[in-house]
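# A structural model of the following input is requested.
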Amino acid sequence: MNDLTSSDPPDAETIKAKLEALKSEHRDLDEVIDRLIEKPPFDQLQLQRLKKRKLGLKDQILRLESRLIPDIIA
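Just a heads-up that it's a prediction; the model follows:
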């Protein structure tokens, strides 16, 4: 029995698709934040939550991008 299929790392195409989805969400959050701060007064707590979510997305994007770069032994 070979149960490796459930623990195999995702292939490059799967990672790229996930990256595109995360980048799209990141851009959307950028637009929402821009619209929110255009019209004061705005909800500071909501703004902080949106920025925190955006930062989390950026971290996920960077992690996935680093997985696409082949390991090079110097």
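# so for the host helix or strand of Asp28, what's the average pLDDT?
Using DSSP states H and E, Asp28 sits within helix 12-38. In this model, helix 12-38 carries a mean pLDDT of 95.
# which strands and helices sit next to that helix?
Secondary-structure packing of helix 12-38 (3 or more C-beta pairs under 8 Å, 6 or more residues apart in numbering; DSSP states H and E): helix 44-68. (Each C-beta comes from the backbone N, C-alpha and C, glycine too.)
# Tell me the secondary structure at Pro40.
coil (DSSP: H, G, I helix; E, B strand; the rest coil).
# Give me the neighbour count for it.
With neighbours defined by other C-beta atoms under 10 Å, the count for Pro40 comes to 6.
# follow-up on the earlier one: now the angle from the helix holding Asp28 to helix 44-68?
In terms of direction (axes from the mean of the first three to the mean of the last three C-alpha atoms, to 10 degrees), helix 12-38 departs from helix 44-68 by 160 degrees.
# buried set for helix 12-38?
Buried residues in helix 12-38, defined by neighbour count with 16 or more other C-beta atoms under 10 Å: 15, 19, 22, 26, 29, 33.
# can you put these in CSV and add distance to Asp43?
Shown next, in CSV, are the buried residues of helix 12-38 (distance: C-beta to C-beta, whole Å):
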residue, distance to Asp43
Ile15, 35
Leu19, 30
Leu22, 25
His26, 21
Leu29, 15
Ile33, 12
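# of the residues you listed, closest to Ile61?
Among those, Leu22 lies closest to Ile61 (C-beta to C-beta), at 5.1 Å.
# Can you report how many residues neighbour Glu65?
With other C-beta under 10 Å as criterion, Glu65 counts 14.
# Quick check: nearest residue in space to it, chain neighbours excluded?
Closest residue to Glu65 apart from its sequence neighbours, by C-beta to C-beta, 6 or more residues apart in numbering: Leu19 at 6.7 Å.
# which residues touch that neighbour?
Leu19 makes contact with 61, 64-65, 68 under the criterion C-beta atoms under 8 Å, 6 or more residues apart in numbering.
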